[in-house]
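Novice: this one's sequence-less:
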């Protein structure tokens with residue numbers, strides 16, 4: 001097909017020339033256009049589809065994921081292409097969601113995937129254009145591939161912006177192929193000068209052997225995918241034509257891209273450079289994450305221990321991330337992610353996931369102790385297992401069978417979501433002295449999650465669910481790797497995290513309002529009280545306070561998972577106090593009687609019917625009268641968790657009510673007793 005027969009070169013962009021090269025080629029099944037915005041991807045498809053409808057007399061179908069979006073998007077591009085080319089104005093008439101050729105009766109239909117009848121009848125079309133392919137599900141694309149059959153030279157054309165490296169288009173379509181660059185020389189009846197057909201890149205996939213179903217012999221299947229990448233620099237109606245005689249130089253558009261380069265590099269990466277990346281929404285859970293600042297080449301260091309952080313959700317995968325920590329001069333601490341394992345089906349069970357983790361450790365050459373961090377909910381008894389062992393019980397058992405000694409560092413309750421998020425953001429902003437968190441560039445799934453996970457109105461991770469179109473199972477696509485990051489950073493940087501959380505303004509308490517006492521001082525304490533709640537949200541919580549004048553020093557604290565009355569009794573009898581107050585459910589009264597027989601001054605009260613109101617009512621008393629031991633914050637795990645949870649508490653968003661409930665109980669007891 002000679003270019004003179006098609007149209008004057010003064011109306012085409014480079015994308016248009018490449019489409020005229022690949023679309024008439026019956027060996028090419030797929031033509032993909034991706035890259036930045038303003039590169040004339042969809043408009044070039046509109047121009048060439050109109051030309052081929054006119055010259056070939058074949059029907060074409062244009063699809064979008066949602067039909068309601070067609071009118072103001074791709075349909076408008078086709079109408080504009082007709083108006084800009086005089087010969088096309090004479091040859092086509094525009095109808096409702098259809099364009100018909102007056103010469104041969106061939107048509108271009110427009111539809112959304114929400115019209116199933118169009119998909120059923122797709123075989124009648126020569127070509128199908130999927131506009132904004134990134135909005136489609138993989139199952140949509142598979143259905144279209146299978147239904148477009150029965151006519152020689154049928155093709156699927158698709159265009160999109162590369163918004164996420166983890167998108168199925170990249171992971172499940174493009175990355176499965178081996179690609180080879182095509183030289184920027186083009187002949188479509190006549191030679192097209194390189195400056196008129198130059199785009200960022202053109203690639204063809206590799207030929208492959210295919211079994212002939214009739215002969216039973218393998219044949220060489222030629223390349224059948226063309227991949228065209230372009231940017232705004234390849235649009236003559238943004239930067240002008242190479243010879244300066246046509247097109248248009250849009251100074252405002254160019255300046256706008258330059259503004260993005262300076263102020264929004266992630267957006268510039270995708271929409272200007274046309275490279276795979278992530279677009280910020282303004283509601284990111286990690287707004288401070290910067291690939292350039294955080295990521296780099298950080299391989300496994302054989303001299304350091306390996307920490308594994310896991311999330312027990314099985315969909316879309318069981319998550320395992322690998323970390324190392326190094327102490328730098330001047331007590332600086334560096335936590336580095338060196339690996340990741342999104343463990344998908346069929347290995348997304350506890351034992352099989354543990355085997356995959358062990359294989360990864362062996363691949364590293366690691367033989368030392370494995371320090372395990374993770375989701376506290378994964379320690380709950382598992383009714384699927386005949387011995388009621390938890391997810392992490394099974395993981396640890398399997399890792400030990402594979403020859404690894406495991407140290408379980410998983411807490412009894414997960415740390416505050418919002419506070420750990422704030423802490424990690426502060427580290428990446430350089431606001432936590434002496435601490436850095438790094439990510440190896442090879443952890444692409446993790447990086448995508450850190451970029452994509454969103455924040456809800458309370459500052460927590462937005463747990464939006466999607467439905468698998470095949471299995472119909474609902475799951476959260478993002479946030480699991482982010483949770484692993486939160487768990488391990490909380491554990492490895494506990495002192496810094498606690499210091500940070502204490503410095504943050506809270507609804508009820510903040511560092512500026514809380515009081516501290518010098519742990520090296522010698523105090524003539526008056527009364528010592530031990531106040532405990534055996535079971536509040538599944539945890540045993542106890543605070544020990546000693547009076548000094550009008551003040552009360554928090555001298556000890558316990559926060560741990562409830563394992564039974566015997567363990568609680570042992571912890572309480574190990575504390576020397578003048579009085580023991582137990583706030584509990586009636587089922588714990590026998591335990592109280594046992595404590596009373598051994599300790600003497602033990603009193604019991606029923607659980608408060610409205611703990612939240614009591615906490616709020618006693619907040620001022622706690623701020624004014626209670627002093628905290630700063631040396632135990634960060635030095636003692638349970639004391640740190642008690643104080644951190646108390647400072648995290650908000651009456652509008654309670655995260656861990658136990659410590660605040662115990663302190664409010666102490667306040668109420670002291671006030672009523674006149675102590």
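Specialist: That came through fine. Just so it is clear, the structure is predicted and the values come from calculations on it, not from any experiment.
Novice: any weak-confidence spans in the stretch 251-400 of the chain?
Specialist: Screening the stretch 251-400 of the chain residue by residue with the criterion pLDDT under 70, one finds the ranges 331, 381-386.
Novice: Do a quick rundown of the strands in it.
Specialist: Shown for the stretch 251-400 of the chain, the strands assigned by DSSP state E, counting those that start in this stretch span residues 295-296, 306-311, 318-327, 333-343, 370-374.
Novice: The first one pairs with which strands, parallel or anti?
Specialist: Each strand that pairs with strand 295-296, with its direction, by DSSP bridges: strand 435-440 (parallel).
Novice: again with the last one
Specialist: Strand pairing for strand 370-374, determined by DSSP bridges: strand 306-311 (parallel), strand 406-408 (parallel).
Novice: Of these, which stretch is the most buried?
Specialist: Burial among these, expressed as mean neighbours by mean count of other Cβ atoms under 10 Å, is greatest for strand 306-311, which shows a mean of 26. Quick note: C-beta positions are derived from backbone N, CA and C, even for glycine.
Novice: Dump the strands of the stretch 251-400 of the chain to JSON lines, plus distance to residue 236.
Specialist: Putting these into JSON lines (distance: least, Cβ to Cβ, whole Å) gives the following:
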{"stretch": "strand 295-296", "distance to residue 236": "36"}
{"stretch": "strand 306-311", "distance to residue 236": "50"}
{"stretch": "strand 318-327", "distance to residue 236": "47"}
{"stretch": "strand 333-343", "distance to residue 236": "43"}
{"stretch": "strand 370-374", "distance to residue 236": "55"}
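Novice: Which of the strands paired with strand 370-374 sits closest to residue 606?
Specialist: Comparing the strands paired with strand 370-374 against residue 606 with Cβ to Cβ, the closest turns out to be strand 406-408 (34.8 Å).
Novice: What is the helix or strand residue 604 falls within packed up against?
Specialist: Secondary structure assigned from DSSP states H and E places residue 604 in strand 602-606. Of the remaining helices and strands, those touching strand 602-606 by 3 or more Cβ pairs under 8 Å, 6 or more residues apart in numbering; DSSP states H and E are strand 579-584, helix 589-599.
Novice: how many neighbours does residue 103 have?
Specialist: As a burial measure, residue 103 scores 13 neighbours (other Cβ atoms under 10 Å).
Novice: How about the contacts made by it?
Specialist: Contacts of residue 103 were listed using Cβ atoms under 8 Å, 6 or more residues apart in numbering, and they are 54, 91.
Novice: follow-up on the earlier one: ok, which of the helices and strands packed on strand 602-606 comes nearest residue 462?
Specialist: For the helices and strands packed on strand 602-606, distance to residue 462 was read as Cβ to Cβ. The smallest value, 35.2 Å, belongs to strand 579-584.
Novice: What helices and strands are in contact with the closest one?
Specialist: The contact analysis (3+ Cβ pairs under 8 Å, 6+ apart) places strand 579-584 against strand 528-536, helix 589-599, strand 602-606, helix 657-673.
Novice: one step back: can you tell me which of the helices and strands packed on strand 602-606 is most buried?
Specialist: strand 579-584 (a mean of 21).
Novice: Alright, I will stop here.
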